[in-house]
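# next input, structure requested:
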Amino acid sequence: MNKTRGGEPSCFTLELNKIQAEKLKSICIARGFERYDVNYADYAFRGNGFNLVMYRSGKLVLQGKEAADFLTFTIEPQVTLEFILGNESVHHPEWFRPHAGLDESGKGDFFGPVVTACVIAGEKEVHALREAGIRDSKLVSGDGKIFEMEKQMRAIGGVVVETMVLPMDKYNELYHRFGSNLNRLLGWMHACSLANALRRRYVSEGLLDRFSKQPLVQNFLKRDFPDFVLSMRTKAESDPVVAAASVAARAEYVRRMKALSDDAKMILPKGVNKTVIEVGRAIFARDGAEGLARYSKVHFKTFKEICENKEEIS
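Numbers count the residues shown, from 1 in each chain. Below you'll find the model as predicted:
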């Protein structure tokens, strides 16, 4: 969010997704705000002491002497559900304590590896992350934007970023060595990236986007960092440091996918869908099962079904 007006903010720029933009539009109509036309905008309204313009790019511009109040008392609690105008330290003090954030990418994709990432930041760095617009990678469209965010994040002084990624042959080998249990392998990978980050900047606590009810990461970590406290919860990417970790993990996953695609001489798609299956069959027809394993997770049922030439994925 950008904000300007001498000593007091009166112009705000923030990003809204389509659902949020529609919700804001409904509020403006319900309150009887005057609508007017702006080039490249989905809509624009004149409110009581402010104007707002919602551009097709997803950017909202809000300005006027009452803009701050409309942001604080309407947009934050009813549209974004995030408190972005100086209230973060009151509503989310845990965001600003020095801590580690952990997330991963690629776990549900047939092609490509799993990447774990850990980011460590304190109060000053968290403010910088938020000013740079770093957010949950699932809310970011386009690989170019992910790389841009990663570059901004890594340029912030004091921010520590560590990733853990295994080549496909090593990943497929370790999956079986960990008892064919993806969560155990993922827990070990998270512990590795976290430990490497803590050796660069030690903090006493961290937050992990929960992927298992068991304390797998904690068990792997306790030998080297017995006093470190790692909490787990779902949707942890609302925490700015976990969001930064999600960006780091996704950026590295995309890089690895590009390298694998170059090696395969065809684009390897993400996810598990019809296109993925078609590409997998093309690789299998050309290189056999061993060749397909160079680019994919062999424990996915998709691998067996492609190799058995089944027509559909159940």
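
# show me what contacts the residue lying closest to residue 166 once chain neighbours are set aside?
With Cβ to Cβ, 6 or more residues apart in numbering as the criterion, residue 166 has its nearest non-adjacent residue at 5.6 Å, and that residue is residue 113. In this view, the C-beta of every residue, glycine as well, is placed from N, C-alpha and C. Listed by Cβ atoms under 8 Å, 6 or more residues apart in numbering, the contact set of residue 113 reads 106, 165, 166, 167, 168, 171, 253, 256.

# the second one against residue 250, yeah?
I take that to be residue 165. No - look at residue 165 against residue 250 with Cβ atoms under 8 Å: they stay out of range, at 11.9 Å.

# those two: who's more crowded?
Between residue 165 and residue 250, counted using other Cβ atoms under 10 Å, the more crowded position is residue 250 (25 against 22).

# helix or strand: which one has the more buried one?
Using DSSP states H and E, residue 250 falls within helix 240-264.

# and the helix or strand just after that helix, what does it pack against?
Where DSSP H and E defines the elements, the next helix or strand beyond helix 240-264 is helix 274-293. Applying 3 or more Cβ pairs under 8 Å, 6 or more residues apart in numbering; DSSP states H and E, we find helix 274-293 packed against helix 168-177, helix 301-307.

# got JSON lines for those, with distance to residue 187, mean neighbour count and mean pLDDT too?
Rendered in JSON lines, the data for these read as follows (distance: least, Cβ to Cβ, whole Å; neighbours: other Cβ atoms under 10 Å; pLDDT from 0 to 100):
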{"stretch": "helix 168-177", "distance to residue 187": "12", "mean neighbour count": "15", "mean pLDDT": "95"}
{"stretch": "helix 301-307", "distance to residue 187": "22", "mean neighbour count": "17", "mean pLDDT": "93"}
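
# for the nearest residue to residue 293 once chain neighbours are set aside, give me its contacts.
Among residues not flanking residue 293 along the chain, residue 172 sits closest, at 6.2 Å (Cβ to Cβ, 6+ apart). Counting by Cβ under 8 Å, 6+ apart, residue 172 touches 293, 297, 298, 299.

# was I right about the second one contacting residue 107?
Just to be clear, that refers to residue 297. No - counting by Cβ under 8 Å, residue 297 stays clear of residue 107, with 9.2 Å between them.

# of the two, who's got more company?
Of the pair residue 297 and residue 107, residue 297 is the one with more neighbours under other Cβ under 10 Å, namely 23 against 16.

# for that one, phi and psi?
Per-residue torsions, residue 297: phi -90, psi 110 (degrees, to the nearest 10).

# roughly how far apart are it and residue 170?
Taking Cβ to Cβ, to the nearest Å as the measure, residue 297 falls 12 Å from residue 170.

# same check, this time on residue 212
22 Å.

# with residue 142 instead?
For residue 142 relative to residue 170 (Cβ to Cβ), the value is 30 Å.

# now do residue 214
From residue 214 to residue 170 the distance is 24 Å (Cβ to Cβ).

# again, but for residue 199
Relative to residue 170, and taking Cβ to Cβ, residue 199 is found at 22 Å.

# now do the helices in the stretch 51-200 of the chain.
Chain-ordered helices for the stretch 51-200 of the chain, with DSSP state H, counting those that start in this stretch as the definition, fall at 67-70, 88-91, 123-131, 143-155, 168-177, 182-200.

# hey, which helix or strand in the chain has the poorest pLDDT?
strand 2-4 (a mean of 45; mean pLDDT, DSSP states H and E).

# what's downstream of it, the next helix or strand?
Next along the chain after strand 2-4, taking DSSP H and E as the criterion, comes strand 11-15.

# next SSE after that next one?
helix 18-30.

# how far away is the residue positioned nearest the centre of the chain from residue 245?
Ranked by distance to the mean C-alpha position of the chain (Cα atoms, centre = their mean), the top residue is residue 137 at 2.5 Å. Counting by Cβ to Cβ, the separation of residue 137 from residue 245 is 9 Å.

# list the contacts of the residue nearest to the centre of the chain.
Residue 137 neighbours (Cβ under 8 Å, 6+ apart): 105, 146, 237, 243, 246, 247, 249, 250.

# farthest-separated two in those residues?
146 and 237 (13.7 Å; Cβ to Cβ).

# possible to save the helices and strands packed on helix 274-293 as a markdown table with distance to residue 16?
As requested, the helices and strands packed on helix 274-293 are exported to a markdown table (distance: least, Cβ to Cβ, whole Å):
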| stretch | distance to residue 16 |
| --- | --- |
| helix 168-177 | 38 |
| helix 301-307 | 36 |
